[in-house]
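Asks: only geometry, no sequence info:
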């Protein structure tokens with residue numbers, strides 16, 4: 001069994017390497033007309049350069065998974081902002097994509113919590129489609145759209161889960177099929193638990209990204225030993241390995257908040273179950289310390305019997 005690991009967006013080991021530098025709408029509107037495009041290009045350039053730096057770092061550290069920042073292109077989806085970022089940065093996007101493909105990295109996006117398909121308000125759904133289209137266009141410009149996913153949550157319950165789920169089934173029809181093909185759904189820590197998310201994924205043919213921390217905060221009736229094979233099966237129609245999110249509670253009182261590092265005692269039960277199934281999986285670490293947490297976990301896991309570290313971010317489990 002092979003487990004590959006990655007982290008979220010910001011390589012903390014690198015100096016000033018945020019790929020999510022922002023430009024607020026207020027600041028944008030305060031600029032002169034000529035300055036607006038210049039500022040958009042400046043901030044996006046920094047974000048793309050830092051994304052590329054992080055990818056180089058990941059290759060050096062042998063870390064095969066990476067979640068790119070949704071804030072890579074500031075104000076990309078705002079209706080009041082005209083920014084032809086795809087054509088302006090065509091060369092840079094292609095360069096990043098060629099690097100990803102050359103080194104066989106797995107990259108992804110995770111839009112924010114406002115990208116959802118359960119709202120009663122049509123404009124919320126319309127905005128969700130626009131946001132998903134933005135993420136897909138970036139992946140397409142990189143040439144990696146067919147090997148990358150855009151991960152979201154089902155959305156809110158609005159006081160009635162059954163009605164909200166039915167709206168999801170209806171609203172998701174607005175999402176172009178080629179984008180839906182690259183989307184995944186993740187179980188929530190408060191609203192839709194693993195079992196509920198799995199039902200939606202099976203009905204819509206969408207892979208489920210299983211979040212263990214969320215699962216422990218929002219348990220369902222079925223034991224994980226029974227759920228995990230079904231979760232893995234939602235990936236069968238893709239060419240991708242099942243993807244898992246892990247993090248640890250900040251404290252018992254702040255259970256849903258993420259800690260700086262991974263607590264091995266908290267996560268070990270998941271690894272035990274995954275080990276008994278034996279399928280290869282990819283794991284995204286969502287700890288606050290990002291790449292530092294990943295490298296620490298590699299050290300911790302490699303000390304366990306049956307866990308052999310075979311590269312910077314890959315563990316073989318026997």
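Replies: Arrived safely. Quick caveat: nothing in here was measured; it's all calculated off a predicted structure.

Asks: what's the lengthiest helix in the chain packed up against?
Replies: Determined from DSSP state H, the single longest helix within the chain is helix 33-61. Where contact means 3 or more C-beta pairs under 8 Å, 6 or more residues apart in numbering; DSSP states H and E, helix 33-61 is packed against helix 25-30, strand 65-67, helix 85-88, helix 90-102, helix 290-302. Using the backbone N, CA and C atoms, a C-beta is placed for each residue, glycine as well.

Asks: ok now it, how far from the chain's centre?
Replies: Centre-to-centre, helix 33-61 and its host chain are 19 Å apart (C-alpha atoms, centre = their mean, to the nearest Å).

Asks: likewise for stretch 218-227?
Replies: 22 Å.

Asks: and the contacts of that stretch?
Replies: 187-191, 193-196, 198, 215, 270, 273, 276 (C-beta atoms under 8 Å, 6 or more residues apart in numbering).

Asks: just the ones of the residues you listed in helices?
Replies: The members of the contacts of stretch 218-227 that map onto helices under DSSP H are 194-196, 198, 215, 270, 273, 276.

Asks: most neighbours among the residues you listed, which one is it?
Replies: Within these, most neighbours by other C-beta atoms under 10 Å means residue 194, with 25 neighbours.

Asks: may I see the buried residues of the longest helix of the chain?
Replies: In terms of neighbour count (16 or more other C-beta atoms under 10 Å), helix 33-61 has its buried residues at 36, 39-40, 43-44, 46-48, 50-55, 57-59, 61.

Asks: try stretch 171-188
Replies: So, applying 16+ other C-beta under 10 Å, buried residues of stretch 171-188: 171-172, 175, 179-188.

Asks: thinking again about what came up before, just the ones in helices among the contacts of stretch 218-227 now: which is nearest residue 142?
Replies: Lowest distance from residue 142 to the ones in helices among the contacts of stretch 218-227 (C-beta to C-beta) belongs to residue 198, with 30.3 Å.

Asks: check what pLDDT that closest one gets.
Replies: At residue 198, the pLDDT value in this model is 98.

Asks: contact partners for the most centrally placed residue in the chain?
Replies: What sits nearest the mean C-alpha location of the chain, by C-alpha atoms, centre = their mean, is residue 110, with 3.8 Å. By C-beta under 8 Å, 6+ apart, residue 110 lies in contact with 8, 67, 70, 150-152.

Asks: could you do residue 134 as well?
Replies: Applying C-beta under 8 Å, 6+ apart, we find residue 134 in contact with 73, 76-77.

Asks: top of these by neighbour count?
Replies: residue 73 (24 neighbours).

Asks: residue 47 is in contact with that residue, correct?
Replies: Yes. Using C-beta atoms under 8 Å, residue 73 is in contact with residue 47, at 7.3 Å.
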